[in-house]
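> how would this look folded up:
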Amino acid sequence: MTDVVDIASRAVEAADLGGSVAPHDLSMMGLFLQADIVVKIVMMILIFSSFWCWAIIIEKKSTLRKLNRRAARFEDAFWSGEPLDKLYQRVKKGPEDPMLKVFSAGMEEWQAGVAGGMPSKESLQASLRQRVERAMTVAIGKEMARLERGMTFLASTGSTAPFIGLFGTVWGIMNSFSAIAHTKNTSLAVVAPGIAEALFATAIGLVAAIPAVMAYNVFTSGLNRYADRLDTFTSEFSTILSRHLDRSEAGRKVA
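Model (predicted):
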């Protein structure tokens, strides 16, 4: 008789416990709202990082397209045969552009070097070439540093977001095991919500990291190509100035 009473008592307790398990909303918003405060903070950090990464991605894509289009137009004007002095006076009033700034830096140094007359000694000519190239190289460095802003955030998000999400996952699973220990019930209804919240944190981490890594690789390649374009233009500009100095020296010898 006692055994029957014990069995019935346990059955009632199990029924009460089963009925006390409230249904969980397993939608994305529900998982976020029902998550532990630590997991919520992790999710909010990852969501903010993802939005910021997409803002950088959109800005960089638009900027690179615009820069390459302007560079193509300027190169056409540069090789059109228009005198460099006139081209400089025209473009220095134009919009801010890295290639125009590099060209302007070279022209300013060139005009400062020949303000007192064309240098006649070979050593002075070589010094002028070096100063022009150095001024243009410094301008390239400054402009590329400006264009690369935001790339560090993309790289940091791509490398750390999965681990931040994993931290939220571990924390959520710890809470699930705590729920098991507290209720002394291994039912899936008790364990599943915490595990779902934990895995949701990892999913958000991957959503933030994957586009950041892909965009970082694409933009790094695009920025490197643009930097090579500026370096090539610097070499071409230096070659043109060298020819001008050589022609000036040859004319002086003939005279």
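> tell me the spacing between the residue nearest the centre of the chain and M144.
Closest to where the C-alpha atoms of the chain average out (CA atoms, centre = their mean) is M151, at 2.9 Å. Separation of M151 from M144 (CB to CB, to the nearest Å) stands at 11 Å. For the C-beta atoms, the positions are set from N, CA and C on the backbone; glycine is no exception.
> and S80, by the same measure?
As judged by CB to CB, S80 and M144 stand 27 Å apart.
> where do the contact lists of M151 and M144 overlap?
By the contact definition CB atoms under 8 Å, 6 or more residues apart in numbering, M151 and M144 are jointly contacted by L223.
> for K92, give me the backbone phi and psi.
K92 has phi and psi values of phi -70, psi -20 when expressed as degrees, to the nearest 10.
> now do W79
Main-chain dihedrals, W79, degrees, to the nearest 10: phi -100, psi 10.
> that one: neighbour count?
10 (other CB atoms under 10 Å).
> per-residue pLDDT, it?
Listed pLDDT for W79 reads 88.
> quick one: it from R73, how far?
11 Å.
> of S80 and M144, who's got more company?
Per other CB under 10 Å, whichever of S80 and M144 has more neighbours is M144, with 15 against 8.
> give the contact list for that one.
Neighbouring residues of M144 by CB under 8 Å, 6+ apart: 98, 223, 226-227, 230.
> so which of these sit within helices?
Mapping the contacts of M144 onto helices (DSSP state H) picks out 98, 223, 226-227, 230.
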